Each structure stands twice: as C-alpha cells, then as structure tokens.
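S.K.: Predicted model and sequence below, questions to follow.
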Amino acid sequence: MAAMGADEELISHLQDITFLRLSGDEKLRLKGEFAEILSVLAKLKDIDTDGINECSHPLENINSFREDSLIPSYDRKLILENAALKSGEMFIAPKTVD
C-alpha cells in the first residue's frame, strides 16, 4: 500500500466527502495538521510487534456485562401525566422526518 501524504488531493477528497468548504488558510492549516498526524502514525511501523498476540481490547475482560434481571420501572401513568400529547399508553410527538 502506498504511503499517504497530506497533500492537496487528500484535502480535496476530505472536503468532498464531508461537504466542507475550506478557505485557503484552512486548507493550509489542515494540511500541516494532517502531516503531523501522519508522521506520528508512521512511527508505529517501527514498533516491533513480533510475538504479541492481536487483541480487540487492551484488558482481558471476558464478559463484564451485568446479568439481565427484571427490575421495577417507573409508573407509566405517572409519566404520561406530564405528556403534552398522548394516546393510550403512548407519547405523541411531532413528525420529524418526511
């Protein structure tokens, strides 16, 4: 895989996929920031990882989830008393997506 540099092509591509419009000064600043980030990431290639197993988490948590258990909830009628609009046991909210 070819090394990616912080060049005009990268900045233009990021601008296109994020729908951002950047001024010349912003592009120049972003180019410098990306160059710094990419140089730090390039240093990771120098780290010897032979003999180190891949992992998805730095700690060996097997299953840290709590047990599922039925617990009392709030009284639905009490909560619905504060609703501006309701229908039966449901809140009615304005339409947000067409």
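M.R.: In hand now; what should we look at? Numbers count the residues shown, from 1 in each chain.
S.K.: Let me know whether my guess that D68 is in a helix holds.
M.R.: No - counting by DSSP: H, G, I helix; E, B strand; the rest coil, D68 falls outside a helix, being coil.
S.K.: ok, now how distant is F34 from E81?
M.R.: 54 Å (Cβ to Cβ, to the nearest Å). Where you see a C-beta, it was placed from the backbone N, CA and C, and this is true even at glycine.
S.K.: And the two? Which one has more around it.
M.R.: More crowded of F34 and E81, by other Cβ atoms under 10 Å: F34, with 17 against 9.
S.K.: ok, that one - contacts?
M.R.: Contacts for F34 (Cβ atoms under 8 Å, 6 or more residues apart in numbering) come out as A6, L10, I11.
S.K.: ok, the nearest residue to R76 once chain neighbours are set aside to F19 distance?
M.R.: The shortest distance from R76 to any non-neighbouring residue, by Cβ to Cβ, 6 or more residues apart in numbering, is to E89 (5.8 Å). Counting by Cβ to Cβ, the separation of E89 from F19 is 41 Å.
S.K.: which residues of this structure fall in helices?
M.R.: 8-18, 24-43, 76-80 (DSSP state H).
S.K.: Make JSON lines from those and add distance to S64 and mean pLDDT to it.
M.R.: Supplementary listing: those in JSON lines, determined by distance: least, Cβ to Cβ, whole Å; pLDDT from 0 to 100:
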{"stretch": "helix 8-18", "distance to S64": "35", "mean pLDDT": "89"}
{"stretch": "helix 24-43", "distance to S64": "30", "mean pLDDT": "90"}
{"stretch": "helix 76-80", "distance to S64": "31", "mean pLDDT": "90"}
